[in-house]
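S.K.: generate a structure from the sequence data that follows.
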Amino acid sequence: MCKFSEHVKARSVPKTGPEAITSHGIPLLKRLAIVTIMAIQPTSGMADACTRISALESYEDTGLAPEGSICETFVGLIYSRGVSCFWEFPFRSTEATSMFTVIWAEVTDCKKMVSSSDDKPVNHPDSYQLKEMIANDGAYRVAIKDKGLENRTLVFLTVEQGD
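M.R.: Sure thing, here's the model as predicted:
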């Protein structure tokens, strides 16, 4: 066999077994275990109601975003870290407003609140609404932002935790 075909054959054989790696660099068995635990372990009797919150809290380990969202991790001030996800809707749609309300209800139902605040002032040309809860395990924020020039509205769910 020539060296070229040996090279192609070696590159085209996928890894299998416990050492198989997903696109996020997490071993396949670990990823499957996390997903299985998330799917079958209830969260204080609210398994369905807290799904988005649980997905956000474990996003760095699993790489699994809440359904229909786009997520990114970030490093905040004073050694904090977090995940922010958003859902996109048509500009000023009732679906966006409804999603904002539903997600805030999930946060308040799923987390033990220490304090809460609404609508911090921002310098923003389009409309913007923010609700924030400080819980024992971090800060949870839900925001709705109208982007007039982009003709869309975004709903954000953010979890920020200190180290």
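
S.K.: what helix or strand is the closest residue to residue 59 other than its chain neighbours located in?
M.R.: Sequence neighbours aside, residue 83 is the residue nearest to residue 59 in space, at 4.5 Å (criterion: Cβ to Cβ, 6 or more residues apart in numbering). For every residue, glycine as well, the C-beta is placed using N, CA and C. According to DSSP states H and E, residue 83 maps onto strand 80-90.

S.K.: right, and residue 96 touches residue 145 too?
M.R.: No: in this structure, residue 96 sits apart from residue 145 without contact. The criterion is Cβ atoms under 8 Å, and the distance is 9.4 Å.

S.K.: now for those two: what residues contact both?
M.R.: 153-154 (Cβ atoms under 8 Å, 6 or more residues apart in numbering).

S.K.: tell me, how many residues neighbour the residue nearest to residue 59?
M.R.: The number of residues packed around residue 83, counting by other Cβ atoms under 10 Å, is 21.

S.K.: okay, residue 137 and residue 89: tell me how far apart.
M.R.: Separation of residue 137 from residue 89 (Cβ to Cβ, to the nearest Å): 29 Å.

S.K.: quick revisit: the strand holding residue 83: which residues count as buried?
M.R.: Going by neighbour count (16 or more other Cβ atoms under 10 Å), the buried part of strand 80-90 is 82-87, 89.

S.K.: now swap in stretch 105-115 and tell me
M.R.: Buried residues in stretch 105-115 (16+ other Cβ under 10 Å): 106-107, 110-111.

S.K.: how are the helices of the chain distributed by residue range?
M.R.: Taking DSSP state H as the criterion, the chain carries its helices at 3-12, 28-40, 51-57, 59-62, 94-110.

S.K.: in the chain, what spans have low per-residue confidence?
M.R.: For the chain, applying pLDDT under 70 flags the ranges 1-48, 114-125, 163.
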